[in-house]
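Undergrad: Got a predicted structure here, sequence first:
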There are 2 protein chains.
Amino acid sequence: MKLEYTLIQKSKRNSARLGKVKYGDKEYPTPMFMPVGTNATVKTLSPEEVKETGTGICLANTYHLWLKPGEDVVNKAGGLHKFMNYDGPILTDSGGFQVFSLANAKDITEEGVKFKNFENGDTLFLTPEKSIEIQNKLDSDIAMSFDECPPASANHDYMQKSIERTIRWAARGKAVHSNPNQMLFGIVQGGYFEDLRKYSAEKTVEIGFDGYAIGGVANDHESKEHVFEEFAFSTKYLPEDKLRYAMGIGDPIDLIEGVIRGVDLFDCVSPTRLARHGHAYTMKGKINLKNSKYKEDFTPIEDDCDCYACQHYTKAYIKHLISCDETFGARLLSIHNIRFLHRLMANIRDNIKTDTLEEYRDKFVREYYGDNYEIK
Amino acid sequence: MKLEYTLIQKSKRNSARLGKVKYGDKEYPTPMFMPVGTNATVKTLSPEEVKETGTGICLANTYHLWLKPGEDVVNKAGGLHKFMNYDGPILTDSGGFQVFSLANAKDITEEGVKFKNFENGDTLFLTPEKSIEIQNKLDSDIAMSFDECPPASANHDYMQKSIERTIRWAARGKAVHSNPNQMLFGIVQGGYFEDLRKYSAEKTVEIGFDGYAIGGVANDHESKEHVFEEFAFSTKYLPEDKLRYAMGIGDPIDLIEGVIRGVDLFDCVSPTRLARHGHAYTMKGKINLKNSKYKEDFTPIEDDCDCYACQHYTKAYIKHLISCDETFGARLLSIHNIRFLHRLMANIRDNIKTDTLEEYRDKFVREYYGDNYEIK
């Protein structure tokens, strides 16, 4: 079964949109946050826990699964859903981001990217065709085109050459895409140059995909403003009836600002990574459970949170687990942090309905950052 | 509410016994295996998962909780049950075993044991009274007397002096025990000397406890035969209407041989520790999921196992998780391994009912060890 996206409502004041994703007999509202299961597991969580937090689409990483256990093993297991026991929709990335960020000795040519396996030093070669073939075998519900992801600091000249190649790569990937149940997304790059984002978007749309991602936005930027503008530079030139996905974005304020600029989907490892470092999101800002002030704090992380961690455990207990390196601590915080982002998205959707998202953003920023953030 | 033990049936051929432990409106059959939650968490598992494997009583370690977060924190949290969200019965050890096995620079006097905190080097002093006071505050359902646990190699002379002191310590601990809802167990020591086990048992029973443990059996022994004989040397002199608990014992064959010799309760970290190393129990012997032969093995760990791991995941997936250091792998194996020991105990209980436990032991040994084990 193939995912179907329906646009339901558009804001009159900004680019925010409500929609839904249909997946067999399941339906999930957008905008949506998608947690990341790098190695076909959302770190420390069971698939049931991932779903109980309110997750719809969940990610898995093509690069990692290609190297271990290999796409053929996953394919023989019956695809990713069966392999990892997750019956919700799964999105796989293209492997491109990891090749550019994790792998050493990369050598980019028109054909593809040569790089070293970070585990054993083997030389590997990833091409647009290979990426799609791997994703076809993994049998995810959304596959991503293989793109180059240049640093935000790349100049106009480099960025232009890069997006031209990424557009050619997108066309090559689409040509070999052969999984009829799998959506294929194109990726808009172009950094902080509106003309390049426009060109990249238009050319990618010309090729024609089931949805469009905005890449390069999770790279280091001069300011968050630049990231937010890149959202706008991209969504402006994308068709309204397709999903738009900002890759690698998970900071709460980025989700709100992204939605205001017309983004529907976000993913990030931050909720689970922060959890492993003892941090919890709250509507009043992030807290660090390692702090000694929580030693005898017998209240939940957030009083009004409905997650499993907040319903059954105190900060004192979670602090104790974290200080003992007990993985159940990271698990409770992962549950809370993912649930937090889903609760935030639900607030965002509610405020799209009433077209009050900008007021909500201002209120959220005041409560989350206190005086440490300038409201734009 | 206080635990109640009832003896239900005794074997006519050996010392095996069926019984039950009543805990409020819950009832658990004995003999029983008890998983260990050292830091008030069974490693990698939620309390719900611990219960779903079929666990009745669960352990927590006094030594660890005394040092972190401290018994006063647990007490202020409302006791161990509330702190860790476990509503089944909880047994705490005395801290003695950890003082003797983990702590350095120990200095044993009549008063107690002086030793260094393994985390920060502080000098600490644990006495029989202090151990009971800590356990009273932790509010477990079964507290253990503070005992010396000498090595199995200790000579008759040392062992005799040690058990005399352990008996005096038991009386001192009982004198300060003040938690009316908590059972207090005495501990039989005496190594591989039947006269000392007899003396230790009789003197400990004279003081009078709610149940009796057999200590020193998890230490290094010349042979398993010696361990099994120590079970018999101890239970022989213990009252029939009280629980008998072999401390630190979890190897499947030891459980069977222990029950044959009249033991009701066992605990061990082995199911969760083995899990973290990628090992799984099966009725046909332990397997190591790191082995490459499982890479494309899309069958469960055990076909006829009803645990969550076997119902939903393949060896190939668990192997993948273990090889990626994903904690969900250790969690699935922990669930399986604890469930395995509970299934084994259920088989043991069934065979007590029909008084065929020795035949079951012989069959189990053939299937579990193959030709690598001599049936005694």
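TA: That came in fine, so what should we check first? What you see is a predicted model, and the numbers here were worked out from it, not measured in a lab. Numbers count the residues shown, from 1 in each chain, chains lettered A, B, ... in the order given.
Undergrad: At the contact with chain B, which residues of chain A appear?
TA: A:39-41, A:43-46, A:64, A:68-69, A:73, A:76-78, A:83-85, A:295-296, A:298, A:312-314, A:316-317, A:319-321, A:323-324, A:326-328, A:330-331 (CB under 8 Å from any CB of the partner chain). Every C-beta, even on glycine, is put in place using the N, C-alpha and C of the backbone.
Undergrad: Only whichever of those residues are buried, select them in ChimeraX.
TA: Per 16 or more other CB atoms under 10 Å in any protein chain shown, the buried members of the residues of chain A next to chain B correspond to this ChimeraX selection:
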select /A:39,40,41,43,44,45,46,64,69,73,77,83,84,85,295,296,298,312,313,314,316,317,319,320,321,323,324,326,327,328,330,331
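Undergrad: Which residues does stretch A:264-271 contact?
TA: Contact partners of stretch A:264-271, identified using CB atoms under 8 Å, 6 or more residues apart in numbering or on different chains, comprise A:5, A:17, A:19, A:30-36, A:38, A:57, A:59, A:91, A:218, A:243-251, A:254-255, A:258, A:281, A:334, A:337-338, A:340-341.
Undergrad: Kindly recompute the last result at 7 Å.
TA: By CB atoms under 7 Å, 6 or more residues apart in numbering or on different chains, the residues outside stretch A:264-271 that reach it are A:17, A:19, A:30-36, A:59, A:243-251, A:255, A:258, A:334, A:337-338, A:341.
Undergrad: now swap in stretch A:334-351 and tell me
TA: Identification of contacts with stretch A:334-351 by CB under 7 Å, 6+ apart yields A:18, A:29, A:31-33, A:35, A:43-45, A:49, A:53-55, A:250, A:252, A:255-256, A:259, A:271-272, A:274-275, A:280-281, A:301, A:305, A:307-310, A:357, A:360.
Undergrad: I'd like to know which of those are buried.
TA: A:18, A:31-33, A:35, A:43-45, A:49, A:53-55, A:250, A:252, A:255-256, A:259, A:271-272, A:274-275, A:280-281, A:301, A:305, A:307-310, A:357, A:360.
Undergrad: Now, those that are in helices?
TA: A:49, A:252, A:255-256, A:259, A:271-272, A:274-275, A:308-310, A:357, A:360 (DSSP state H).
Undergrad: nearest to residue A:136, of these?
TA: Nearest to residue A:136 out of those is residue A:272 (CB to CB; 27.0 Å).
Undergrad: wait, the closest one sits on residue A:43?
TA: Yes - assessed by CB atoms under 7 Å, residue A:272 is found in contact with residue A:43 at 4.6 Å.
Undergrad: Put together JSON lines for the ones in helices among the buried ones among the contacts of stretch A:334-351, with pLDDT and distance to residue B:11 on each row.
TA: As requested, these are exported to JSON lines (pLDDT from 0 to 100; distance: CB to CB, whole Å):
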{"residue": "A:49", "pLDDT": "98", "distance to residue B:11": "43"}
{"residue": "A:252", "pLDDT": "98", "distance to residue B:11": "63"}
{"residue": "A:255", "pLDDT": "98", "distance to residue B:11": "65"}
{"residue": "A:256", "pLDDT": "98", "distance to residue B:11": "69"}
{"residue": "A:259", "pLDDT": "98", "distance to residue B:11": "69"}
{"residue": "A:271", "pLDDT": "98", "distance to residue B:11": "54"}
{"residue": "A:272", "pLDDT": "98", "distance to residue B:11": "51"}
{"residue": "A:274", "pLDDT": "98", "distance to residue B:11": "56"}
{"residue": "A:275", "pLDDT": "98", "distance to residue B:11": "50"}
{"residue": "A:308", "pLDDT": "98", "distance to residue B:11": "44"}
{"residue": "A:309", "pLDDT": "98", "distance to residue B:11": "46"}
{"residue": "A:310", "pLDDT": "98", "distance to residue B:11": "49"}
{"residue": "A:357", "pLDDT": "98", "distance to residue B:11": "72"}
{"residue": "A:360", "pLDDT": "98", "distance to residue B:11": "70"}
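Undergrad: Dump those residues to CSV, plus distance to residue B:143.
TA: Shown next, in CSV, are those (distance: CB to CB, whole Å):
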residue, distance to residue B:143
A:49, 34
A:252, 46
A:255, 50
A:256, 52
A:259, 55
A:271, 40
A:272, 38
A:274, 38
A:275, 34
A:308, 30
A:309, 30
A:310, 31
A:357, 57
A:360, 53
